[in-house]
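**Student:** sharing a model prediction with you, sequence too.
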Amino acid sequence: MSTKHRFNRRKFLAGTSAAATLSIIPRHVLGSPGEPSANNKLNIANVGLGGMGSGDVRRVPSENIVAICDVDARHAANAAKGFPKAKVYSDFRKMFDAQKEIDAVMVATPDHNHAVVTMTALKQGKHVFCQKPLTHSVGEAIAIGKAAKQAKVATQMGNQGQAGEGPRLIHEYIHAGAIGKVREIHAWSNRRPDISQRGVPRPADTPPVPAGLDWDLWLSPAPVRPYHPCYHPFAWRGWWDFGTGVLGDIGCHNLSAVFKALKLGWPESVEACSTHWNAPPDVRNETAPKASITTFRFAAQGNQPEIVIRWYDGGMMPPLPKEVGTRNIFTNDGTLIVGDAGLLLGHQLLPEAKAKGFGKPPQLLDRSPGHYQEWIDACKGGKPAGSNFVDHAAHLAAVVLMGNIAIRTQEKLYWDPEKQQFKNSDAANALLNPPYRDGWTL
């Protein structure tokens, strides 16, 4: 059955290379094992069902869910209720060994397990959807990007907002000259601390592991430590061994549009200040800070001047632009793009008088069929998804996670794009690829 007319979508990102377009090869063309079934439905496995994964598995109703995997039997059982034909596993490695018919995998584990599951799938030639921030470390993000390019499969990171109207309008306003040359980007998130503790030391008590939870598998490549409910369920994001703090959690959402619109490469430098500035080692080495400001500087290129990105979390906010007077324009999450001739608050052109005079920018980009549908279409031979690992997601995640290294070292770090390491800090370079415990590898 040909999918040419049904699944192919017009390119919605201007400038996507022909090479990238040709890198996604339909499985039915290759005749490889695990090709889509006779009714052209993908056989999808889901790894991690306790948080975002519980929603991800329901966002692909047109396909076959053939496997469900979670180290917590309670999460797996809850997910399996909706998919009685799916086989249930606790160990993703056994799942891959047992079910060769799997075409594609959706990964929604805690951050520290993203890369090991994703790399296993890529090496087996399976399409991958992985939640943001794609990986736990900078080195993993670089490695996953390279592996995805080599595997020639369809990939998508779970920063769902990239498929919306807002990011396309941001791109179109910038390229229409509505705000002139972009000089600064401010992005922020006031993520609630009750989602995961930050700025605290490791707990001293050791409660029993809940029934049905394989704690050793939950840890996977992370260093061994006793179970505690402050890590699981869904409380791991603030702990450095497992999560990536507020910056890692939300940065790949809020910064995706500007990375695409401005084609941002590697920053020249990264630096940060935070509430960890005088914290004891048992706090700053365990958890992300309660609040931080992180600055990325990108060198001028072509006719684009130097760009500075500043990230704020924990209640920190950018200065209020004089163009908006005394009105507070900031909410809990957002992005402010500052040009030499105007502002974009998200995709809203400011000040209002300028927006009325300028109107809507000319449409440059095709609109998306939806974040999950982009990936499904790409799996079946369509165009690369908007947050595929090769063209966008791996690089975005790597740069965002560099900010966490600046937070942890409390140094201004200078990046060498050729060597893909920092020029001036052994301590920072040691955090690019934190070691896995024995028995785990990419």
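**Tutor:** Yep, it's here. Numbering: from 1, shown residues only.
**Student:** CA atoms for contacts and neighbours, from now on please.
**Tutor:** OK.
**Student:** quick one: contacts for Trp188?
**Tutor:** For Trp188, the contacting residues are 254, 311-313, 316-317, 332-335, by Cα atoms under 8 Å, 6 or more residues apart in numbering.
**Student:** and which of those is nearest to Ala121?
**Tutor:** Closest approach to Ala121 among the contacts of Trp188 (Cα to Cα): Asn254, at 27.4 Å.
**Student:** how much space separates the closest one from Ala80?
**Tutor:** 33 Å (Cα to Cα, to the nearest Å).
**Student:** who's more crowded, those two?
**Tutor:** Neighbour count, other Cα atoms under 10 Å: between Asn254 and Ala80, Asn254 has more, with 25 against 19.
**Student:** okay, who's weakest in the contacts of Trp188 by pLDDT?
**Tutor:** Of all the contacts of Trp188, Asn332 carries the smallest pLDDT score, 86.
**Student:** low pLDDT regions in this structure?
**Tutor:** Within the chain, the stretches with pLDDT under 70 are 1-38, 194.
**Student:** CA atoms only: put the longest helix along the chain into PDB for me.
**Tutor:** Counting by DSSP state H, the longest helix found in the chain is helix 394-409. Output of helix 394-409 as PDB, limited to C-alpha atoms (Å, rounded to 0.1, in the frame of the first residue of the first chain):
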ATOM      1  CA  ALA A 394      19.700  17.000  19.800                       C
ATOM      2  CA  HIS A 395      21.400  20.400  19.300                       C
ATOM      3  CA  LEU A 396      18.800  22.300  21.300                       C
ATOM      4  CA  ALA A 397      18.900  19.900  24.200                       C
ATOM      5  CA  ALA A 398      22.800  20.000  24.300                       C
ATOM      6  CA  VAL A 399      22.900  23.800  24.400                       C
ATOM      7  CA  VAL A 400      20.100  24.000  27.100                       C
ATOM      8  CA  LEU A 401      21.900  21.400  29.200                       C
ATOM      9  CA  MET A 402      25.200  23.300  29.000                       C
ATOM     10  CA  GLY A 403      23.400  25.900  31.200                       C
ATOM     11  CA  ASN A 404      23.100  23.400  34.000                       C
ATOM     12  CA  ILE A 405      26.800  22.800  33.900                       C
ATOM     13  CA  ALA A 406      27.400  26.500  34.300                       C
ATOM     14  CA  ILE A 407      25.000  26.500  37.300                       C
ATOM     15  CA  ARG A 408      26.800  23.600  38.900                       C
ATOM     16  CA  THR A 409      30.400  24.900  38.400                       C
END
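**Student:** which other helices and strands contact it?
**Tutor:** helix 138-151, helix 245-254, strand 269-274, strand 292-298, helix 426-430 (3 or more Cα pairs under 8 Å, 6 or more residues apart in numbering; DSSP states H and E).
**Student:** now the most far-flung residue of the chain relative to its centre: how far from Gly166?
**Tutor:** The C-alpha centroid of the chain is most remote from Gly357, which lies 36.1 Å away (Cα atoms, centre = their mean). Applying Cα to Cα, the value for Gly357 to Gly166 is 20 Å.
**Student:** picking that back up, now the residue farthest from the centre of the chain: phi and psi?
**Tutor:** Dihedral pair for Gly357: phi -70, psi -30, per degrees, to the nearest 10.
**Student:** who touches it in this structure?
**Tutor:** With contacts defined as Cα under 8 Å, 6+ apart, Gly357 has no neighbours.
**Student:** any idea which helix or strand carries Tyr78?
**Tutor:** Small correction: residue 78 is Asn, not Tyr. Element membership of Asn78, judged by DSSP states H and E, is helix 73-80.
**Student:** next, count neighbours for Asn328.
**Tutor:** 9.
**Student:** now, of the helices and strands packed on helix 394-409, which is deepest in the fold?
**Tutor:** For these, the largest average neighbour count (mean count of other Cα atoms under 10 Å) is found in helix 245-254, namely a mean of 25.
**Student:** residues making contact with it?
**Tutor:** Under Cα under 8 Å, 6+ apart, the answer for helix 245-254 is 132-133, 159-162, 187-189, 191, 198, 237-239, 287-289, 311, 313, 334-335, 396-397, 400-401, 403-404.
**Student:** swap in 6 Å and give it another go.
**Tutor:** 133, 159, 237-238, 288 (Cα atoms under 6 Å, 6 or more residues apart in numbering).
**Student:** would you list those in TSV and tack on distance to Ile179 and secondary structure?
**Tutor:** Shown next, in TSV, are the contacts of helix 245-254 (distance: Cα to Cα, whole Å; DSSP: H, G, I helix; E, B strand; the rest coil):
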residue	distance to Ile179	secondary structure
Pro133	29	coil
Asn159	26	coil
Arg237	36	coil
Gly238	36	coil
Ala288	35	coil
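**Student:** possible to save the residues you listed as TSV with neighbour count and distance to Ser62?
**Tutor:** Shown next, in TSV, are the contacts of helix 245-254 (neighbours: other Cα atoms under 10 Å; distance: Cα to Cα, whole Å):
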residue	neighbour count	distance to Ser62
Pro133	29	26
Asn159	23	21
Arg237	27	31
Gly238	28	35
Ala288	29	39
